[in-house]
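Q: Sequence first, predicted model second:
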Amino acid sequence: MAIGKIPSAPDLMGNLPLFRPHAYNGKVALQWCTALLQALSIAKRRCFTLDIWRSRSMRNTAISLIGIAILTALAVYIVLPVPHPGWLVRSNEAGKPTPLELKLGLDLQGGTQVMLEADLPEGRELQPGAMETAKNIVERRVNSLGVSEAVVQAQGDNRITAELPGVDNPDQAIETIRSTGQLEFVDPEGLPLQQGMVINTTNRPNAVEQYLATPDADPQMAPYRDRVFKTVMTGDVLRTAVARQDQFGMWEIAFELTGPGGDQFFNYTSSHIGQPMAIVLDGIVLSAPVIQAAIRDQGVITGQFTEAEANSLAIQMRYGALPVPLKVVDVRSISATLGQDSVQRSLTAGLIGMAAVFLFMVLMYRVPGLLANLALTIYIFFNLAIYKLVPVTLTLAGITGFLLSVGMAVDANILIFERLREELRSGRSPRLAVEAGFSRAWPAIFDSNLTTLISCAVLYIFGNQFGASIVKGYALTLGLGVVISMFTAFFITRTFMRALLGMRNQRTKTAQLIIGY
């Protein structure tokens with residue numbers, strides 16, 4: 001048995017590199033301390049920078065939340081049936097204030113649909129742009145009648161459809177919009193012209209012939225069938241015309257003339273004082289007053305007018321003559337009861353669908369689903385507010401487009417939350433997972449929504465050109481909803497998620513509890 005020397009403890013420790021005597025020289029110790037201080041300084045700066053970033057992020061989130069709250073409050077204020085300030089209240093062309101209300105289409109509110117067709121003599125062709133001009137004039141006439149939510153559209157090459165919601169007795173409205181409205185100031189040439197007579201004029205040389213061809217024509221109202229009276233001026237010289245009552249309560253039409261028209265009117269009236277001048281509309285004598293003095297800027301048309309007749313005549317004078325005569329092809333009446341029943345059924349179906357969607361989001365995604373539901377509620381108020389402000393006429397097809405856009409908004413949130421779960425499973429922190437989830441889900445959502453918007457644009461153009469108001473309403477509500485859904489999903493929901501993570505511990509277990517992945 002060999003017995004060797006057992007080294008002492010100091011000798012054993014001295015063989016280790018860190019415990020050798022030369023390892024304790026001052027130069028090495030100083031290097032170690034310097035490196036340690038530098039590491040601590042870098043760590044401190046990084047922590048300080050992270051704190052600054054977090055504080056800025058929370059400040060930006062707080063500003064975003066304030067902006068969302070302001071926009072939401074404004075949208076709710078617009079949607080609620082409360083009095084609104086003057087700058088929000090519109091005025092129709094009749095000068096009457098129109099409160100902010102949801103515009104209901106013909107299929108929801110009930111009313112009358114009129115189809116008009118160009119009534120041209122055989123062999124005469126439509127001039128280019130004549131029907132478009134006629135449509136614009138008819139639209140202005142309808143709006144001036146005070147008919148709310150009226151829709152006037154060209155249909156085909158020679159037809160115009162006018163939808164008049166809420167109009168149960170459309171006879172006067174139809175007469176106003178279909179009347180050619182060719183106003184003429186005619187020289188009677190010393191002959192007695194009475195109100196209601198039908199005469200031929202320079203611009204309408206066949207007025208008597210056309211009148212006598214109607215079944216209920218009275219030959220005694222056309223005593224000068226072989227004579228053509230000279231047209232001095234037409235309604236083109238008018239600046240405006242307004243129906244009003246005189247001091248005796250009789251209805252009359254006060255008109256103002258343009259500059260050139262005033263000079264022309266002055267030259268004629270100054271040389272014909274004491275002589276009558278007939279005012280003729282579409283070949284029918286309205287009145288033949290005696291010129292009392294020279295008239296330059298304004299005048300008055302008197303006659304045995306009712307209020308409706310005076311307003312109708314003023315509208316036709318104000319918006320000019322139709323470039324082409326129109327005849328009524330079809331008149332359809334839609335019951336308001338049917339429209340109201342459709343509204344109730346649509347609202348019921350929409351509420352049931354929304355409740356099911358909200359429940360699904362909460363069960364699947366917990367707190368983020370609840371935040372998405374809040375964003376969807378804000379989305380609905382944004383939509384309704386825009387519908388009132390634009391305004392958008394809601395039809396059954398339009399309501400369908402709106403509900404479909406709600407579903408697309410939910411799809412966007414589902415894509416985001418599923419991407420968020422994938423990021424958390426890969427080990428990212430909750431904050432980074434939220435940012436990555438929103439950023440990486442954006443391309444797919446943007447592409448799908450862009451495709452939908454292109455389809456909506458095609459449908460809107462189709463509906464506008466061919467008079468398909470149902471298609472047009474569907475495309476408009478769906479397109480608006482898609483645009484607003486992208487804003488609510490990527491700004492409002494994202495802001496809510498950032499605020500949630502800023503208030504809670506950002507550990508992964510917390511994210512598991514909140515999101516449930």
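A: Everything's here; your move. Residues are numbered from 1 along each chain as shown.

Q: rest of the way, CA atoms for contacts and neighbours
A: Fine.

Q: Domain ranges for this structure, per the record?
A: 15-50, 97-176, 184-302, 335-515 (automatic domain parsing).

Q: what's the closest of those domains to residue 322?
A: domain 97-176 (5.5 Å; Cα to Cα).

Q: still on that earlier bit, out of the domains of the chain, the one nearest residue 72 is which?
A: domain 335-515 (6.3 Å).

Q: wouldn't residue 437 be in contact with residue 425 here?
A: No. Between residue 437 and residue 425 there is no contact under Cα atoms under 8 Å: 11.8 Å.

Q: of the two, who's got more company?
A: Neighbour count, other Cα atoms under 10 Å: between residue 437 and residue 425, residue 437 has more, with 22 against 14.

Q: hang on, the more buried one in a helix?
A: Yes. The assignment for residue 437 by DSSP: H, G, I helix; E, B strand; the rest coil puts it in a helix.

Q: The residue nearest to it when sequence neighbours are not counted is in what secondary structure piece?
A: Distances taken as Cα to Cα, 6 or more residues apart in numbering put residue 420 closest to residue 437, at 4.4 Å, once the chain neighbours are dropped. Applying DSSP states H and E as the criterion places residue 420 in helix 396-425.

Q: one step back: including distance to residue 318 and mean pLDDT, could the domains of the chain go into CSV?
A: Below are those laid out as CSV (distance: least, Cα to Cα, whole Å; pLDDT from 0 to 100):
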stretch, distance to residue 318, mean pLDDT
domain 15-50, 69, 53
domain 97-176, 9, 75
domain 184-302, 5, 85
domain 335-515, 25, 82
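
Q: Figure out which of those domains is closest to residue 76.
A: Closest among the domains of the chain, once you apply Cα to Cα, is domain 335-515, at 6.1 Å.

Q: how distant is that closest one from the center of its chain?
A: 19 Å (Cα atoms, centre = their mean, to the nearest Å).

Q: Can you tell me how far the residue nearest to residue 437 is from residue 441?
A: 9 Å (Cα to Cα, to the nearest Å).

Q: And these two? Which one has more around it.
A: residue 420 (25 against 20).

Q: Could I get the contacting residues of that one?
A: Going by Cα atoms under 8 Å, 6 or more residues apart in numbering, residue 420 touches 433, 434, 436, 437, 438.

Q: quick one: buried residues of stretch 274-294?
A: The neighbour-count check on stretch 274-294 (16 or more other Cα atoms under 10 Å) flags 275-289, 291 as buried.

Q: What of stretch 479-498?
A: Buried-residue list, stretch 479-498, by 16+ other Cα under 10 Å: 479-482, 484-486, 488-498.

Q: Determine how far the last residue of it lies from the first.
A: End to end - Cα to Cα - stretch 479-498 spans 28 Å.

Q: what's in contact with it?
A: 61, 64-65, 68, 368, 371-372, 375-376, 378-379, 382-383, 402, 405-406, 408-409, 412-413, 431, 434, 438, 446, 449, 452-453, 456-457.

Q: cutoff 6 Å now
A: With contact meaning Cα atoms under 6 Å, 6 or more residues apart in numbering, stretch 479-498 is reached by 372, 375, 405, 409, 453, 456.

Q: contacting residues around the second one?
A: Same thing as residue 375. residue 493.

Q: That one is in what secondary structure piece?
A: Per DSSP H and E: helix 336-389 holds residue 375.

Q: That helix: what's the following helix or strand?
A: Per DSSP H and E, the first helix or strand lying C-terminal to helix 336-389 is strand 393-394.

Q: could you pull out the helices for the stretch 101-250 of the chain?
A: 106-109, 130-144, 171-178, 207-212 (DSSP state H, counting those that start in this stretch).

Q: which of those sits most buried?
A: helix 106-109 (a mean of 25; mean count of other Cα atoms under 10 Å).

Q: just checking, what packs against that one?
A: Contact here means 3 or more Cα pairs under 6 Å, 6 or more residues apart in numbering; DSSP states H and E; on that basis helix 106-109 packs against helix 336-389.

Q: repeat that with 8 Å
A: strand 159-165, helix 336-389 (3 or more Cα pairs under 8 Å, 6 or more residues apart in numbering; DSSP states H and E).

Q: Centroid-nearest residue for the chain?
A: residue 390 (3.3 Å; Cα atoms, centre = their mean).

Q: Against residue 473, how distant is that one?
A: 13 Å.

Q: So the closest residue to residue 400 other than its chain neighbours versus residue 220, what's the distance?
A: With sequence-adjacent residues excluded and distances taken as Cα to Cα, 6+ apart, residue 400 is closest to residue 474, at 6.9 Å. According to Cα to Cα, residue 474 and residue 220 sit 54 Å apart.

Q: neighbour-wise, which of the two wins?
A: Remark: of residue 474 and residue 220, residue 474 carries more neighbours, 24 against 9, as counted by other Cα under 10 Å.

Q: and the next element down the chain from the helix or strand containing that one?
A: Residue 474 belongs to helix 469-487 when assigned by DSSP H and E. Remark: after helix 469-487, the chain's next helix or strand is helix 493-503, criterion DSSP H and E.

Q: Starting from residue 105, give me the distance back to residue 387.
A: 13 Å.

Q: overlap in contacts of the two?
A: residue 393.

Q: Of these two, which one has the most company?
A: Higher neighbour count among residue 387 and residue 105: residue 105, with 28 against 20, using other Cα under 10 Å.

Q: ok, the more buried one - contacts?
A: Taking Cα under 8 Å, 6+ apart as the test, what residue 105 contacts is 149, 165, 393, 394, 395.
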